[in-house]
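A.B. asks: Build me a model from this:
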Amino acid sequence: MAFPYMEAVVGFMILMYIFESYLDLRQHTALKLPKLPKTLEGVISQEKFEKSRAYSIDKSNFHIFHEFVSILMESAILYYGVLPWFWKKSGSFLVTAGLNAENEILRTLSFLVGVMFWSQITDLPFSLYLNFVIEARHGFNKQTIWLFFRDMIKGIVLSIVIGPPIVAAIIVIVQKGGPYLAIYLWGFMFVLSLVMMTIYPVLIAPLFNKFTPLPDGELRLKIEKLASSLQFPLKKLFVVDGSTRSSHSNAYMYGFFKNKRIVLYDTLIQQCKDEEEIVAVIAHELGHWKLNHTMFTFVAVQILSFSQFGGYTLVRNSHDLFQSFGFDTQPVLIGLILFQHTVMPLQRVVSFALNLVSRAFEFQADAFAKSLGYSTPLRAALVKLQEENLSAMNTDPWYSAYHYSHPPLVERLAAIDEPDKKTD
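C.D. replies: Predicted coordinates:
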């Protein structure tokens, strides 16, 4: 008797939904607490706390409803054979268009067009409500409806331009890979990731946002001096117009080897009037670079990627796997999709482990910024960003441990203050 892969996958999805819903309810209860955590009393104003509380509860309600709809749809798609139905329809479409339905590359692309169209239709109401109701209600959404749809169209066009060559290459590699398939797949995805990391900030990101050099002045001098003192090979320093879409703030760095760039959101500059606070945020980000966190993450992702491709090579010819999900044939892309569903339990464990590592890295980057003398401005910046972004002040420890890649503000402030207390 064949193993019931589909029933097992759907069953696990439902069990995980129940578990994560329990965590969501714990977090929702924490968000409704009427008082600030003791650590934040006198640090966060009551007015900001009330706004943060209202915003967090609105997002929590939306998330709970969205997850409920998602699990219903995903379970139904798998249980009622929607994927094999899409696959058959993609072949019928090619025949109607006068194309060869037996060509796996063409059929896969036809299938992906249908899936993309379906996902855009089903995701659109949620995206519109999140941006133009919840985010707008709390003063974060700055984009017009035209800009929203323009971004969506640009994303679709990019998928149409970039997607087919990548899909075709993967199919050819799987068909020709033989016993070294896992190595070939990993090698292709490794090169592709390097190419995308190179061209995304230069060619793709500017399609959606405007990047301008940070003007000359004290802030630029301080950041350049900090980078130089750490031997960080800073080549360009940009400001991105994040305020055209949202008033949330951020900062990040990117680039290979001796060609590093730092990007500041204009909202970060607007929110942190004290330049030392902005420099402290950059010191934290440079801490990730100096402590090799970025390299560790990249290597870890490559190891996991190779492991997954190795697992895929073991099951890609499993007729029972495809048949369990309603497929009579064994297309390459479908095999990858089904494999991702079957290894979902392991992926959850790995994701949780990576979150724990990420949280540890955040504490280390904070400690690095403190070692450079930015303890006070870093603390002030974290508080200000928490206030301005209306981030959750009260968090459930179970929910936080499972979902958050960054520690809650209370924990970060406690870690920043701890060395000072020891030296008193």
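
A.B. asks: Please name the residues that touch residue 409.
C.D. replies: Residues near residue 409 by CB atoms under 8 Å, 6 or more residues apart in numbering: 40, 382, 383, 386, 391, 393. The way it works is simple: take the backbone N, C-alpha and C, and place the C-beta from them, glycine included.

A.B. asks: So it versus residue 254, what's the distance?
C.D. replies: 26 Å (CB to CB, to the nearest Å).

A.B. asks: quick one on the thing from earlier: so which two of the contacts of residue 409 are the farthest from each other?
C.D. replies: 382 and 393 (12.5 Å; CB to CB).

A.B. asks: More neighbours: those two, which one.
C.D. replies: Legend: neighbour count by other CB atoms under 10 Å for residue 382 and residue 393, higher for residue 393 (25 against 20).

A.B. asks: The more buried one should be in a helix, yeah?
C.D. replies: No: assigned with DSSP: H, G, I helix; E, B strand; the rest coil, residue 393 falls outside any helix and is coil.

A.B. asks: Helices along the stretch 1-150 of the chain, start to end?
C.D. replies: Taking DSSP state H, counting those that start in this stretch, the helices of the stretch 1-150 of the chain run over residues 5-31, 46-79, 82-96, 104-129, 136-137, 145-176.

A.B. asks: same question, the stretch 201-350 of the chain
C.D. replies: Counting by DSSP H, counting those that start in this stretch, the helices of the stretch 201-350 of the chain are 218-229, 266-271, 275-290, 293-315, 319-324, 332-342, 344-371.

A.B. asks: which helices and strands does the longest one pack with?
C.D. replies: If you count contacts as 3 or more CB pairs under 8 Å, 6 or more residues apart in numbering; DSSP states H and E, helix 344-371 packs onto helix 5-31, helix 275-290, helix 293-315, helix 375-388, helix 397-403, helix 409-423.

A.B. asks: ok now the longest one, how far from the chain's centre?
C.D. replies: When distances are taken as CA atoms, centre = their mean, to the nearest Å, helix 5-31 is centred 20 Å away from the chain's centroid.

A.B. asks: elements contacting that helix?
C.D. replies: Applying 3+ CB pairs under 8 Å, 6+ apart, one finds that helix 5-31 contacts helix 46-79, helix 319-324, helix 332-342, helix 344-371, helix 397-403.

A.B. asks: And the third one, what's buried?
C.D. replies: When neighbours are counted by 16 or more other CB atoms under 10 Å, the buried residues of helix 332-342 are found to be 332, 333, 334, 335, 336, 338, 339, 341, 342.

A.B. asks: for those residues, which one is nearest residue 94?
C.D. replies: Residue 94 lies nearest to residue 333 out of these, by CB to CB, at 14.9 Å.

A.B. asks: Apart from its neighbours in sequence, what residue is nearest that closest one?
C.D. replies: residue 108 (4.8 Å; CB to CB, 6 or more residues apart in numbering).

A.B. asks: Next up, the contacts around that neighbour.
C.D. replies: Per CB under 8 Å, 6+ apart, neighbours of residue 108: 90, 167, 171, 331, 332, 333.

A.B. asks: The third one and residue 107 touch, don't they?
C.D. replies: No: Residue 171 is beyond contact range of residue 107, at 9.9 Å (criterion: CB atoms under 8 Å).

A.B. asks: So for those two, which sits in the more crowded spot?
C.D. replies: Per other CB under 10 Å, whichever of residue 171 and residue 107 has more neighbours is residue 107, with 23 against 20.

A.B. asks: Save the helices of the stretch 1-150 of the chain as JSON lines, and put in mean pLDDT too.
C.D. replies: As requested, the helices of the stretch 1-150 of the chain are exported to JSON lines (pLDDT from 0 to 100):
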{"stretch": "helix 5-31", "mean pLDDT": "94"}
{"stretch": "helix 46-79", "mean pLDDT": "94"}
{"stretch": "helix 82-96", "mean pLDDT": "93"}
{"stretch": "helix 104-129", "mean pLDDT": "93"}
{"stretch": "helix 136-137", "mean pLDDT": "93"}
{"stretch": "helix 145-176", "mean pLDDT": "92"}
